[in-house]
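A.B. asks: no sequence for this one, just the structure:
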C-alpha cells in the first residue's frame, strides 16, 4: 500500500519540443498509449499510432489530433499477435517514413490462456516477442535517425517470477499473472541486451514501470479480482498519470547518455536480481531469435 501512495509524488514535467521528430507508439488507441500519443503530438512530433482495432483507432486519432492541435498524427494497423502483420507494418513504415526518432513499445495484454497466430502463449507473444521482432525490423531506420530512443513498457511485476526457459509458452503450467510477469521480465531483459548491442549507434533504450494504472489491461479480471481493484481505486493512476514515465524516457534530455536502465516515477529504479542478470538476458535474447527465426547479433 505504501508503494501505491508513493506513486503519486510530485510529477515530472518538461516543455521539450519534438518538432521535426517522428514517434511510433504501439497500442495507442487507449490508455497509456493514447495519452503518450497526445502528449508527444502536443510537443510537435509526427506521431504514428499503431493499433489492432482500426475502428477504435480512428476515434482515438480524432481525439489526439483535437487535443494536440496537431494534424500530423496518423494511425496504422498492427496486430502484435501476428508476426505477418508485424512484418507488413514494419515494411510500410520503412518504405513510407524517412525517419524514426522514438519507438515506444507500449502495447500489452493480460488475458486468459490463448495463443498468437504463430503459436506463442499470448503474453510472451504480444508483450515480448512481437515487440522484439518489431524493433529488429525498424532498427536500421532508428539508427539512420539517431539520436533515437526505444522505450519499452515493462512493469514492477517483472520481479514476481523468473523466465521459465523450459516452458516459455506456459504449456505445462499456466497462471495468468505469472505469464504476464514473465513477459514483463522479458521486456526488461530485452532493453538491457539491446542497449549493449546499440552502444555507439546513437540509439538508446529504456524500460519503464508506469505504475498501477486504470486501463483496459484489467478487462479480463474475474469478479473477486475486480473487487480488489475497486478497493484500491483511490490509489490507482489515471492513464495520463501512468504515461508520465514513458514520456520522460522519450524526451528527457539528461537521459541522452543513459541506456538499458529501468525507470519508475520518472527516475531510475531498482529491478529484480534476475532483471540484472546478464547471463539470463543473453539466454532470453538467443531464445527470442530462435523462436522468431531471425538472426540478430
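C.D. replies: Now that the structure is in, tell me what you want to look at. Note that the structure is a prediction, hence the values are computed from the model and not measured.
A.B. asks: contacts, neighbours, all on C-alpha from now
C.D. replies: Will do.
A.B. asks: now residue 78: how far from residue 176?
C.D. replies: Taking Cα to Cα, to the nearest Å as the measure, residue 78 falls 24 Å from residue 176.
A.B. asks: more neighbours: those two, which one.
C.D. replies: residue 78 (23 against 15; other Cα atoms under 10 Å).
A.B. asks: that one contacts residue 48, correct?
C.D. replies: No: using Cα atoms under 8 Å, residue 78 is not in contact with residue 48, being 11.0 Å away.
A.B. asks: wait, doesn't residue 204 sit right on residue 250?
C.D. replies: No: the pair residue 204 / residue 250 is not scored as a contact, 9.9 Å apart, by Cα under 8 Å.
A.B. asks: quick one, which of these two is more surrounded?
C.D. replies: Between residue 204 and residue 250, counted using other Cα under 10 Å, residue 204 has the larger neighbour count: 31 against 25.
A.B. asks: check which helix or strand covers the more buried one.
C.D. replies: Element membership for residue 204 (DSSP states H and E) is strand 203-209.
A.B. asks: packing partners for that strand?
C.D. replies: Packed against strand 203-209 by the contact rule (3 or more Cα pairs under 8 Å, 6 or more residues apart in numbering; DSSP states H and E) you find strand 148-153, helix 176-197, helix 244-251, strand 261-264.
A.B. asks: remind me what the second one packs against, helices and strands.
C.D. replies: What it means is helix 176-197. If contacts are counted by 3+ Cα pairs under 8 Å, 6+ apart, helix 176-197 sits against helix 122-123, strand 148-153, strand 203-209, strand 261-264, helix 278-292.
A.B. asks: the third one too?
C.D. replies: Here helix 244-251 is seen to pack against helix 31-42, strand 102-105, strand 148-153, strand 203-209, strand 261-264 when contacts are counted using 3+ Cα pairs under 8 Å, 6+ apart.
A.B. asks: with mean pLDDT and distance to residue 127 added, can I get the ones you listed in CSV?
C.D. replies: Below are these laid out as CSV (pLDDT from 0 to 100; distance: least, Cα to Cα, whole Å):
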stretch, mean pLDDT, distance to residue 127
helix 31-42, 97, 14
strand 102-105, 98, 9
strand 148-153, 98, 9
strand 203-209, 97, 13
strand 261-264, 95, 17
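A.B. asks: include distance to residue 172 when you put the ones you listed into a markdown table, please.
C.D. replies: Below are the helices and strands packed on helix 244-251 laid out as a markdown table (distance: least, Cα to Cα, whole Å):
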| stretch | distance to residue 172 |
| --- | --- |
| helix 31-42 | 32 |
| strand 102-105 | 29 |
| strand 148-153 | 27 |
| strand 203-209 | 29 |
| strand 261-264 | 31 |
